[in-house]
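> whatever this is, show me its structure:
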Amino acid sequence: AAANAAPDPNTITFAIPGAWVHTIAPATPLPIITTPVTIDGLSQPGAVSMAPTINIDGRFMQHFASNATDDTPGTYIGLAPGFEVVASDVTIRGLGINRFPGPGVFVFNGTNNVRVEDNAIGAGRPGVMTWPSNNMGVWLNYGTNHV
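Model prediction:
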């Protein structure tokens, strides 16, 4: 929410004390990403590529539908996604993303330059499978220059 309110691109970094995997399990849908931002799970001390130490777990949101009623910007039609992106120039990196009712990441039509990299989608702590986000990892709904 703070990154959305800022006029310039932001970077969200992590420095949660303690070793191993840290799970963030939101009880309500995450804010829709409406401005350029980098969410960098690899910033967590001890994080390494393809072994996320920050796990975003949507298990408590299984009953949430999306806030959508039609196909308008900022809305995913169906069950709530983990990350809903309506801004261009967004990077989501180095996270475990799982158990959301909708896709792990939903990139809305008309966005450009969205990077979803070095994440483990549909996996929990290293070596333990959970279930993928409604059997959809990343849903790119058009746009250009996505990675």
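> any weak-confidence spans in this structure?
Scanning the chain for pLDDT under 70 picks out the ranges 62-78, 123-135.
> any idea which residue is closest to the centre of it?
Nearest to the geometric centre of the chain sits residue 83, at 3.6 Å (CA atoms, centre = their mean).
> I'd say that one and residue 102 touch.
No - applying CB atoms under 8 Å, one finds residue 83 not in contact with residue 102, separated by 10.0 Å. Where you see a C-beta, it was placed from the backbone N, CA and C, and this is true even at glycine.
> so which residues of this protein form helices?
In the chain, the helices defined using DSSP state H lie at 2-5.
> please enumerate the strands of it.
Counting by DSSP state E, the chain has strands at residues 10-12, 22-24, 37-40, 54-57, 83-85, 90-93, 96-98, 105-107, 114-117, 120-121, 138-140.
> could you give the bridge partners of residue 11?
Listed by DSSP bridges, the beta-bridge partners for residue 11 are residue 38.
> relative to residue 61, how far out is it?
25 Å (CB to CB, to the nearest Å).
> can you check residue 119 too?
Distance, residue 119 to residue 61, using CB to CB: 18 Å.
> the two: who's more crowded?
Between residue 119 and residue 61, counting by other CB atoms under 10 Å, residue 119 is the more crowded of the two (25 against 22).
> now for that one: which residues touch it?
By CB atoms under 8 Å, 6 or more residues apart in numbering, the residues touching residue 119 are 41, 52, 92, 93, 94, 95, 96, 97, 104, 105.
> how about 7 Å then?
52, 92, 93, 94, 95, 97 (CB atoms under 7 Å, 6 or more residues apart in numbering).
> and which of these is nearest to residue 21?
Distance to residue 21 across the contacts of residue 119 (CB to CB) is lowest for residue 52, with 7.3 Å.
> show me the contacts for that closest one.
Going by CB under 7 Å, 6+ apart, residue 52 touches 41, 94, 95, 96, 119, 120.
> good, we can wrap up now.
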